[in-house]
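Colleague: take this sequence and fold it.
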Amino acid sequence: MTPDKKVKILATLGPAIKGIDDIRQLVEAGVNIFRLNFSHGEHADHALRYQWIREVEQQLNYPLGILMDLQGPKLRVGRFADGKVQLQRGQALRLDLDNTPGDSRRVNLPHPEIIAALEPGMDLLLDDGKLRLRVTAKHSDAIDTEVLAGGELSDRKGVNVPQAVLDLSPLTEKDRRDLAFGLELGVDWVALSFVQRPEDITEARQLIGDRAYLMAKIEKPSAVEQLQAIAELADAIMVARGDLGVEVPAESVPQIQKRIIGTCRQLGKPVVVATQMLESMRFSPAPTRAEVTDVANAVAEGADAVMLSAETASGEYPLEAVQMMSKIIRQVENGPDYQAQLDVGRPKAEATVSDAISCAIRRISGILPVAVLVNYSESGASTLRAARERPRAPILNLTPNLNTARRLSVAWGGLGPPLLPMDVVPRGPPGAGAPPPPPPRPLHLDRTGL
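Modeller: Below is the predicted model:
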């Protein structure tokens with residue numbers, strides 16, 4: 001066993017990844033868990049990529065996690081008679097339920113739940129926040145707005161409603177079909193988009209049951225407001241900075257990220273920081289200095305994992321992006337202040353046996369030259385509590401449950417390869433006349449540390 005990075009890498013798969021060899025290279029470069037983005041691609045595409053991951057897992061004798069990311073509701077304006085219009089600051093624009101092609105004075109908004117939720121004085125954002133409208137009047141089937149920030153608006157551009165909670169399920173009919181397919185495949189994690197309130201987690205949990213773990217994506221202001229309750233219900237949290245950065249002021253995102261990481265660490269729930277971490281590496285073999293600092297800050301703040309999106313899904317340098325992210329993580333973790341910073345933010349222990357033992361382990365690993373902390377767990381719950389303490393020594397989880405090893409691939413604190421499954425073989429021959437021993441159970445060693 002050789003010490004490896006403790007913070008994990010979640011990589012998105014897409015057309016840039018051509019086959020098993022590419023998957024293997026990404027794993028050897030540092031990927032711990034793969035993301036299947038169900039906003040794109042067909043079921044057959046995801047099934048093939050799932051098969052590639054599992055084949056590499058067999059080749060390397062190394063548990064790999066798989067996360068399916070559900071698309072969620074996509075709120076969009078309708079179409080324009082000329083395909084697009086130019087909106088000027090200060091002009092009036094009506095959004096209504098009439099599906100007639102629009103013009104510069106009105107356009108269809110095929111979402112009655114948005115019209116029902118909005119009130120005069122609230123803002124709408126169009127096309128990823130490039131255009132901003134303010135509601136001036138509300139009707140039963142339309143809203144009147146004033147353009148605050150204008151520009152070109154074309155067919156089917158997205159709508160964000162940051163100041164209202166919509167009476168809308170996070171699970172569309174497409175999501176329900178995708179979810180059934182992914183669970184049948186055997187994904188380890190489900191990422192839920194468009195989370196607005198704790199009830200959304202309960203709804204998804206009823207469909208998922210115990211077939212996978214549930215990761216809530218925090219991308220709505222209402223979800224930030226109810227973060228504690230949502231995090232308590234979910235198994236993990238993703239800081240989805242794409243839509244979040246549209247719906248809240250950009251300068252608020254770093255503080256929200258810190259708050260989410262702190263909340264998850266207190267609860268002992270894994271937290272993933274996502275979106276545009278090495279965005280320039282889609283087209284460049286080297287990142288910007290700002291991107292390197294962004295990844296480093298997420299690691300230093302105590303995130304369990306950092307995510308690559310288009311960088312590995314459709315970028316020109318997917319392997320280089322993973323290699324760079326691994327280098328940044330190791331550089332931060334080997335720095336003189338990393339452990340001290342984690343210790344400052346150490347969460348308060350609860351009055352439980354697992355927390356008492358985990359706290360003691362953290363102290364011991366800081367005093368003695370401990371090479372590795374070994375934890376045996378069927379479910380992984382006790383190792384999550386150990387990781388919550390962020391000890392100096394890497395954590396190795398031994399489990400007879402392969403699903404546990406895979407699902408914990410997103411959590412902080414592990415060891416690198418080689419990690420080989422071992423057979424638990426009875427010691428000595430069975431006694432005379434005794435029944436034969438049960439077949440050996442594989443003992444899975446998870447490099448994630450959990």
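Colleague: name the residues that touch stretch 128-136?
Modeller: 87, 92-93, 95, 118-126, 143-151, 153, 158, 160, 246-247 (CB atoms under 8 Å, 6 or more residues apart in numbering). From N, CA and C alone the C-beta is placed, and that goes for glycine too.
Colleague: no no, stretch 203-213
Modeller: 68, 169-171, 176, 179, 182-183, 187-190, 192, 214, 233, 235-236, 407.
Colleague: in helices, which of the residues you listed fall?
Modeller: 176, 179, 182-183, 233, 407 (DSSP state H).
Colleague: dihedrals phi and psi, residue 168?
Modeller: Dihedral pair for residue 168: phi -150, psi 130, per degrees, to the nearest 10.
Colleague: give me the neighbour count for the residue lying closest to it once chain neighbours are set aside.
Modeller: The shortest distance from residue 168 to any residue other than its chain neighbours is 5.1 Å, reached at residue 113 (CB to CB, 6 or more residues apart in numbering). Neighbourhood size, residue 113 [other CB atoms under 10 Å]: 14.
Colleague: correct me, but residue 113 touches residue 167?
Modeller: Yes - the criterion here is CB atoms under 8 Å, and residue 113 meets it with residue 167 at 5.1 Å.
Colleague: in three-state terms, label residue 205 for me.
Modeller: Secondary structure, DSSP: H, G, I helix; E, B strand; the rest coil: residue 205 is helix.
Colleague: which other residues reach the longest helix along the chain?
Modeller: Across the chain, the longest stretch assigned as helix under DSSP H is helix 43-60. If you take CB under 8 Å, 6+ apart as the criterion, helix 43-60 is touched by 13, 17, 19-20, 23-24, 27, 34, 36, 38, 62-64, 66, 68, 178, 181-182, 185-187, 417.
Colleague: let's see that with 6 Å instead.
Modeller: 13, 20, 23-24, 27, 34, 36, 64, 66, 181, 185 (CB atoms under 6 Å, 6 or more residues apart in numbering).
Colleague: so how far is it off the chain centroid?
Modeller: 20 Å (CA atoms, centre = their mean, to the nearest Å).
Colleague: also stretch 373-385?
Modeller: 22 Å.
Colleague: now do the end-to-end distance for that stretch.
Modeller: 13 Å (CA to CA, to the nearest Å).
Colleague: in it, which of the residues would be classed as buried?
Modeller: 373, 375, 377, 380, 382-385 (16 or more other CB atoms under 10 Å).
Colleague: how about the helices in the stretch 201-350 of the chain?
Modeller: Taking DSSP state H, counting those that start in this stretch as the test, the helices found in the stretch 201-350 of the chain are 221-225, 227-233, 241-247, 253-267, 289-300, 310-313, 318-333, 338-344.
Colleague: of all the ones you listed, which one is nearest residue 275?
Modeller: helix 241-247 (4.1 Å; CB to CB).
Colleague: and the nearest residue to residue 309 once chain neighbours are set aside, what element?
Modeller: Closest residue to residue 309 apart from its sequence neighbours, by CB to CB, 6+ apart: residue 12 at 5.0 Å. Using DSSP states H and E, residue 12 maps to strand 8-13.
Colleague: in stretch 381-398, which residues are buried?
Modeller: Residues 382-398 are the ones in stretch 381-398 that count as buried (16+ other CB under 10 Å).
Colleague: quick one: distance of that stretch to the chain centre.
Modeller: Here stretch 381-398 is found 20 Å from its chain centre; the criterion is CA atoms, centre = their mean.
Colleague: which other residues reach stretch 143-161?
Modeller: The set of residues external to stretch 143-161 that reach it, using CB under 6 Å, 6+ apart, is 75-77, 79-80, 83-89, 91, 93-95, 114-115, 118, 125-127, 130-137, 246-247.
Colleague: would you mind measuring from residue 162 to residue 244?
Modeller: Separation of residue 162 from residue 244 (CB to CB, to the nearest Å): 10 Å.
Colleague: out of the two, which sits in the busier spot?
Modeller: residue 244 (25 against 18).
Colleague: and the closest residue to that one other than its chain neighbours, what pLDDT?
Modeller: Closest residue to residue 244 apart from its sequence neighbours, by CB to CB, 6+ apart: residue 219 at 4.6 Å. Model confidence at residue 219, given as pLDDT, is 96.
Colleague: residue 219: what's it in contact with?
Modeller: Contacts of residue 219 (CB under 6 Å, 6+ apart): 240, 243-244.
Colleague: got the phi and psi for it?
Modeller: phi -140, psi 0.
Colleague: what's the spacing between it and residue 285?
Modeller: 30 Å.
Colleague: residue 99 against residue 109, yeah?
Modeller: No - when contacts are counted by CB atoms under 6 Å, residue 99 is not listed as touching residue 109 (9.9 Å).
Colleague: which one of those two has more residues nearby?
Modeller: residue 109 (25 against 11).
Colleague: what's the closest non-adjacent residue to the more buried one?
Modeller: Here the residue nearest residue 109, using CB to CB, 6+ apart, is residue 95, at 3.8 Å.
Colleague: distance of that neighbour from residue 126?
Modeller: 10 Å.
Colleague: so which of the two has more stuff around it?
Modeller: Neighbour totals were compared for residue 95 and residue 126, and residue 95 leads with 26 against 23 (other CB under 10 Å).
Colleague: and that one, how far from residue 85?
Modeller: From residue 95 to residue 85 the distance is 13 Å (CB to CB).
Colleague: equivalent analysis for residue 224, please.
Modeller: Where residue 85 is concerned, residue 224 sits at a distance of 33 Å (CB to CB).
Colleague: show me where pLDDT drops low in the chain?
Modeller: 1-3, 414-450 (pLDDT under 70).
Colleague: domain assignment for it?
Modeller: The record's domain parsing of the chain by automatic domain parsing lists 8-73+170-334, 84-160, 353-446.
Colleague: tell me which of these sits most buried.
Modeller: domain 8-73+170-334 (a mean of 20; mean count of other CB atoms under 10 Å).
Colleague: span of that domain from start to end?
Modeller: Domain 8-73+170-334 has its terminal residues 15 Å apart, counting by CA to CA.
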